[in-house]
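In: below are the sequence and a predicted model for it; my questions follow.
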Amino acid sequence: MHSILCLCGSLRAASSSKAVVETICQKLAGEAGFTRFDIGSLPHYNADLDPLPDSVAALKNAIAAADGVIIITPEYNYSVPGVLKNAIDWASRPAYASVLKDKPVFIATVSGSAIGGVRAQAHLKNVLGAVLARTFVWQEVAITHSNTKVRDGYLADEATETFLFEALRAFFRSLGRP
């Protein structure tokens, strides 16, 4: 079974992004082993911090240990949330030789609007390309009108789940045999 690290780009307890992460971890539990990392525990990126803060070391260790990473994020002001970019900045060091280099990454975005975070997804792919991560190529998973698709902390829209799980299963297959 593959080891998958899930990162949520939102810190809000009742966020749609967090609901999607929880749905993945619950409903696909038999298909992969999931761990989560709270990116809100990281300090602001500062290359002068030496030794690395414990939370940064924990993030890097979690990424290194994972066969793949799933990032579920909202779109803030046409881009990714600063807290997610901060986590990527921490994980991206040392440059061109970080734990993200060649790491398979699956991206999905959520939004209360009709466009579902596609601008954030494009920015995130660009950022991950800069750190040499291997972004999974598939149809974009952009969950629109997410406020209406979440109930009791979980994604509750059959068509959206079907599309998301099809993409995730393809991602798991792309990782090869565990």
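Out: That came through, no problem.
In: point out where this protein drops to low pLDDT.
Out: For the chain, not a single residue meets the criterion pLDDT under 70.
In: what ranges do the helices span in it?
Out: Applying DSSP state H to the chain gives helices spanning 16-27, 54-65, 82-91, 118-130, 158-174.
In: just list the residues touching the spatially most central residue of the chain, thanks.
Out: For the chain, Ile71 is the residue whose C-alpha lies nearest the centre (Cα atoms, centre = their mean; 0.8 Å). By Cβ atoms under 8 Å, 6 or more residues apart in numbering, the contact set of Ile71 is Cys6, Leu7, Gly9, Leu84, Val105, Phe106, Ile107, Ala108, Leu124. No exception for glycine: its C-beta is placed from N, CA and C like everyone else's.
In: returning to that earlier point: rebuild the helices of the chain as a markdown table, extending it with mean neighbour count.
Out: Below are the helices of the chain laid out as a markdown table (neighbours: other Cβ atoms under 10 Å):
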| stretch | mean neighbour count |
| --- | --- |
| helix 16-27 | 22 |
| helix 54-65 | 16 |
| helix 82-91 | 21 |
| helix 118-130 | 18 |
| helix 158-174 | 16 |
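In: which stretch among the ones you listed comes nearest Asp152?
Out: helix 16-27 (8.7 Å; Cβ to Cβ).
In: circling back to that earlier point, can you select the buried ones from the contacts of Ile71 in PyMOL?
Out: Selecting the buried subset of the contacts of Ile71 in PyMOL, with 16 or more other Cβ atoms under 10 Å as the burial test, is done by:
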select buried, resi 6+7+9+84+105+106+107+108+124
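In: which of the contacts of Ile71 lies closest to Cys25?
Out: Of all the contacts of Ile71, Cys6 has the smallest distance to Cys25: 6.5 Å, by Cβ to Cβ.
In: give the bridge partners for the closest one, please.
Out: Beta-bridge partners for Cys6, by DSSP bridges, are Arg36, Ile70.
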